[in-house]
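# Got a predicted model here, sequence first, then my questions.
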Amino acid sequence: MAEYDEHQHDVLVIGAGGAGLRAAVEAAAAGVSVGIVCKSLLGKAHTVMAEGGVAAAIGNVDERDNWQVHFADTMRGGAYVNNWRMAELHAKEAPARVKELEAWGAVFDRTPDGRILQRNFGGHRYPRLAHVGDRTGLEMIRTLQDRVIYDKVDVFMEFTVVDLLRDGDRVVGALGYDRERGAFHLFKCKALVLATGGIGRVYKVTSNSWESTADGIGLAYRAGAELIDMEFVQFHPTGMVWPPSVAGILVTEGVRGEGGVLRNKLGKRFMFDDIPPLYRNQTADNEEEGWRYTQGDKNARRPPELLTRDHVARCIVREIREGRGSPHGGVFLDIAWIKERIPNAAEHIKRKLPSMYHQFKKLADLDITKEPMEVGPTTHYAMGGVRVDADTQMSTVRGLFAAGESAAGLHGANRLGGNSLSDLLVFGQRAGEHAAKFAKQNPAGRIDPQQVEDITRRALAPFEHASGGTGESPYAVQRELQESMQELVGIVRTEDEMHQALEKIRKLKERAQRVEVDGNRMYNPGWHTAIDLRNLLVTAEAICRCALERKESRGAHFRVDYPERDERFGKVNMVTRPGRDGSAEVRMEPIREMPAELRQIIEAMK
Amino acid sequence: MSSSATFRIWRGDAKGGEFRDYQAEISEGMVVLDAVHQIQARQANDLAVRWNCKAGKCGSCSAEINGFPRLMCMTRLTDLPLSEVVTIQPLHTFPLLKDLVTDVSWNFRVKKTVKRFTPRPADAADGSWRMAQADVERIQEFRKCIECFLCQDVCHVLRNHRLMDQFAGPRNFVNVANLEMHPLDTQNRLPDLKDRHGIGYCNITKCCTRVCPEEIKITDNAIIPLKERVVDEHYDPVTMVLGKIFSGFRGKATTAAKR
Ligand SMILES: Cc1cc2nc3c(=O)[nH]c(=O)nc-3n(C[C@H](O)[C@H](O)[C@H](O)COP(=O)(O)OP(=O)(O)OC[C@H]3O[C@@H](n4cnc5c(N)ncnc54)[C@H](O)[C@@H]3O)c2cc1C
Ligand code: SF4
Ligand code: SF4
Ligand code: FES
């Protein structure tokens, strides 16, 4: 029988990004005991990297903005397969959630009359993103972190949860290890909030940090919860492509928001070549108008560089595939050109985009105020994840809640920039509130020692296999999975390639059973990688199977063999759950009918 | 261009350890963290290293590279003399956990001893405040801090004199400056700064400023103004008298009220 330390809380939050921290704040405010577990140090979660801003229809810059417009934009961006109730709640509650951060010490950039400044972003009709230069995520996470440390919340830093514990139809705890000693910990709780973030590490090229190994998806799935929308993975159009060691690191959309333009190697602004009909009315058809839009002219339409991410990413892929790319396999993103338009352009760029200036100067030895950047698509965000109830964020398993990137529904087939940070706040708050309520209404459950035993045994298996370096390496399995997903289930998909990917995943699953690690349990990254594999593999499989079922192209999901939207698929979501034979089972589920008043909002804004 | 270089990495834990040499293959654009990862993946699966964003944004990957405290993910190999061995060791000031990873939890504990943000009542009926960009820029500099603790590592009061129980260190002074100069804050942290957080131990060597990856002017913009406030408050008889008379009035509601 494995040894472990025990901890007990009413509400246990897994993850200390924006969603987890916001949930913890809310649960603590409700007066229940709260624990929060995270893989990194406090304040380092992936949310820290968010750059552009947080979307909320506050209307400080353009008073025409309101929740209805934000709702309609979110639904259009998501190609109408979003959970409309989540989109409604999100649009309505985001302004209050953002303003509340200011009461907790956040300092957003200001309008001339001293209110929160908002900037333009792709897919948002009006300037809507509250921001702090290009380090909005840092501002948000630090504000929440600095609040949580004063609340009665127990923080477990550098702990990883390996599996959840069930009592009948309900989740009653989690089992994890601490990195420092590699010792096991049993967390008992009455309600549990998953806020584990993204899945970027399923792919080879990603903007996500090492933490984004899809743990929440794996944990929920193995606890019997349903996943939804897994086929929708967002590839951000602009990641760094050079030097190779930094490939994938994000170049914020803010660059385009401030007037940056995309060009191919012929110097052509290729985004003007292909503007989707749905967006034609709102998109500039000449460079002059596009420029005026970025400079705040309310009568101008936005430049095509600010179309939705899926579209921009595919246009870039097209340019690269047809031989018009940049030397290192990307395209050019040019902000330096604005010196033709404004005085002191270099200073302006450094002030508006300080992190980007810094990032390119340091990592690529390139001065973005003088030269164009080279950029290409990078795996960025999972629209899919744990299926939740819109109002309470409870999953299909009782006592198990999810929020933030690990939950799904709000973004449908494609997420608009800025809608994630607001998602974390709105649904983090709701998850915290309802988890606390659940904890108050339900007694503690029973921990099954057999489950604990099984989990610890599985976790330690890689040490049992140790053969002194001749066996299977967890790093090798991870790398092969990432390469297969990148190549076979990326931006452009076909039936045949996805079948190949499934076959590959099946083999990798077998190999993952046999991986071995050396050394002891103390701070052992090889062991951690071995444990992560299960989550990566199940997520990869779910993405593949859902993508195969969706025989159309919609939002971020693009199929060469079905390049058009098919309205039959516009009425359904893909739901994944564990099947009997150990593989993921996918079914199509009709989307609930939207109430007339929401439908009218969408119609009115078309 | 494929070549290789030698990295001398500290291996061990609190009980003891040694430097070990590893060869890594070098390709264009690599940073120190890439080399460490390569070594970890190919030669030393259990080499402990803390990192997260790999883009200089989270402040996880602090270490001493050739004796200088830096972020591993932002140190390009081309900036180092690769004909010589590159030495990588953990931060010296904090207790070693394993290899390149130290226990920095002390920093988090000290932060909790700083009085929390306490805003004045909202300016507008909708619960919001008005602040001018010019007034927030000053503290936006402090809010850039990524909590890498390189400044804490290099400060001699902590590194050599080990006054952890009397001195909060530059990172925490940056945080206190952020709160004290926050246009909305109404709290007074000056007595704590003097007594509990020991700002008097700082003798303005500016070592902290030199290592800050966010280029925060820690000494000039945070510590010196705080020291001046502490001096004003505690030794200036005029301020002391006014301080008593207006003790309920310490709000920093307007720019004019800020020194
Ligand atoms: C470079 C970049 C820029 C972005 N910019 C923007 C932007 O401008 N606007 C916007 O709206 N969105 C942006 N996004 C997206 C947004 O930042 C993320 O979607 C969001 O931060 C996710 O937050 P989260 O709270 O769900 O999870 P995260 O911040 O990813 O946090 C996950 C937490 O869960 C913990 N965790 C995970 N697994 C386990 C486990 N097994 N056990 C214990 N703990 C675990 C992690 O340690 C971490 O604390 C950006 C993303 C990237 C990569
Ligand atoms: S200036 Fe002060 S805080 Fe900074 S390193 Fe020197 S003594 Fe330490
Ligand atoms: S002040 Fe600078 S050096 Fe110190 S912790 Fe913050 S970012 Fe790091
Ligand atoms: S890994 Fe985030 S700062 Fe280096």
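Okay, I see it. Ligands and ions are numbered 1, 2, ... in the order given.
# And residue A:102, what's its pLDDT?
With respect to pLDDT, residue A:102 has a value of 96.
# Name all residues that make contact with it.
With contact set as C-beta atoms under 8 Å, 6 or more residues apart in numbering or on different chains, residue A:102 has these partners: A:108, A:116, B:128-129, B:184. Where you see a C-beta, it was placed from the backbone N, CA and C, and this is true even at glycine.
# which regions of the chain lie under the pLDDT threshold?
Picking chain A for this. For chain A, the stretches with pLDDT under 70 are A:1, A:468-470.
# wrong chain, I was asking about chain B
Using pLDDT under 70, the flagged stretches of chain B are B:1-2, B:235-259.
# so how many other residues sit close to the closest residue to chain A within it?
Residue nearest to chain A within chain B (C-beta to the nearest C-beta): residue B:29, separated by 1.9 Å. Neighbour count of residue B:29, defined by other C-beta atoms under 10 Å in any protein chain shown: 19.
# how close does the residue lying closest to it once chain neighbours are set aside sit to residue A:203?
Distances taken as C-beta to C-beta, 6 or more residues apart in numbering or on different chains place residue A:243 nearest to residue B:29, at 1.9 Å, with adjacent residues excluded. According to C-beta to C-beta, to the nearest Å, residue A:243 stands 19 Å off from residue A:203.
# So for those two, which sits in the more crowded spot?
The neighbour comparison of residue A:243 against residue A:203 (other C-beta under 10 Å) goes to residue A:203, with 27 against 19.
# give the contact list for the residue of the stretch 201-350 of chain A found nearest chain B.
Minimum separation of the stretch 201-350 of chain A from chain B (C-beta to the nearest C-beta) falls at residue A:243, amounting to 1.9 Å. Residues in contact with residue A:243 (C-beta under 8 Å, 6+ apart) are A:363-364, B:28-30.
# closest to ligand 3 among these?
Nearest to ligand 3 among the contacts of residue A:243 is residue A:363, at 17.6 Å by C-beta to the nearest ligand atom.
# That closest one in helix, strand or coil?
Judged by DSSP: H, G, I helix; E, B strand; the rest coil, the three-state class of residue A:363 is helix.
# any chance you could map the helices in the stretch 1-150 of chain B?
Along the stretch 1-150 of chain B, counting by DSSP state H, counting those that start in this stretch, helices occupy B:32-42, B:105-112, B:133-142, B:150-154.
# cool, and the stretch 501-606 of chain A?
A:525-549, A:596-605.
# The last one - contacts with which helices or strands?
The contact analysis (3 or more C-beta pairs under 8 Å, 6 or more residues apart in numbering or on different chains; DSSP states H and E) places helix A:596-605 against helix A:67-77.
# what does the first one give?
For helix A:525-549, the elements it packs on are strand A:159-167, helix A:215-222, helix A:449-464, helix A:474-488, helix A:495-513, strand A:572-578, strand A:584-590, judged by 3+ C-beta pairs under 8 Å, 6+ apart.
# Buried residues, it. List them.
A:525-548 (16 or more other C-beta atoms under 10 Å in any protein chain shown).
# For residue A:319, grab phi and psi.
The phi and psi values for residue A:319, taken as degrees, to the nearest 10, are phi -60, psi -40.
# And residue B:55, by the same measure?
Residue torsions, per degrees, to the nearest 10, at residue B:55 are phi -140, psi 20.
# Can you give me the domain boundaries for chain B?
B:4-102, B:105-250 (automatic domain parsing).
# Tell me the residue of the stretch 151-259 of chain B that sits nearest ligand 4?
Nearest to ligand 4 in the stretch 151-259 of chain B, going by C-beta to the nearest ligand atom, is residue B:213, at a distance of 7.7 Å.
# Touching, that residue and residue B:73? I think so.
No. Between residue B:213 and residue B:73 there is no contact under C-beta atoms under 8 Å: 9.8 Å.
# Spell out which residues are contacts of both of these two.
Common neighbours of residue B:213 and residue B:73 (C-beta under 8 Å, 6+ apart) are residue B:56.
# Give me the more crowded residue out of the two.
The neighbour comparison of residue B:213 against residue B:73 (other C-beta under 10 Å) goes to residue B:73, with 30 against 23.
# So that one is in contact with residue B:53, correct?
Yes. Residue B:73 is within contact range of residue B:53, at 7.3 Å (criterion: C-beta under 8 Å).
# Figure out which of the helices and strands packed on helix A:525-549 is closest to residue B:191.
Evaluated with C-beta to C-beta, the helices and strands packed on helix A:525-549 place strand A:159-167 nearest to residue B:191, the distance being 36.4 Å.
# Give the next helix or strand downstream of the closest one.
strand A:170-178 (DSSP states H and E).
# List the contacts of that next one.
The set of residues external to strand A:170-178 that reach it, using C-beta under 8 Å, 6+ apart, is A:4, A:12, A:14, A:37, A:156, A:158-166, A:183-192, A:219, A:223, A:397-400, A:442, A:444-447, A:452, A:455-456, A:459, A:521.
# Filter the residues you listed down to the buried ones and express that as a PyMOL selection.
Only the buried entries of the contacts of strand A:170-178 go into this PyMOL selection, using 16+ other C-beta under 10 Å:
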select buried, chain A and resi 4+12+14+37+156+158+159+160+161+162+163+164+165+166+183+184+185+186+187+188+189+190+191+192+219+223+397+398+399+400+445+447+452+455+456+459+521
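# picking up where we left off before, let's have the domains of chain B in TSV, adding distance to residue A:44.
Below are the domains of chain B laid out as TSV (distance: least, C-beta to C-beta, whole Å):
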stretch	distance to residue A:44
domain B:4-102	4
domain B:105-250	8
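# Ligand 3 is nearest to which of these?
Nearest of those (C-beta to the nearest ligand atom): domain B:105-250, 3.3 Å.
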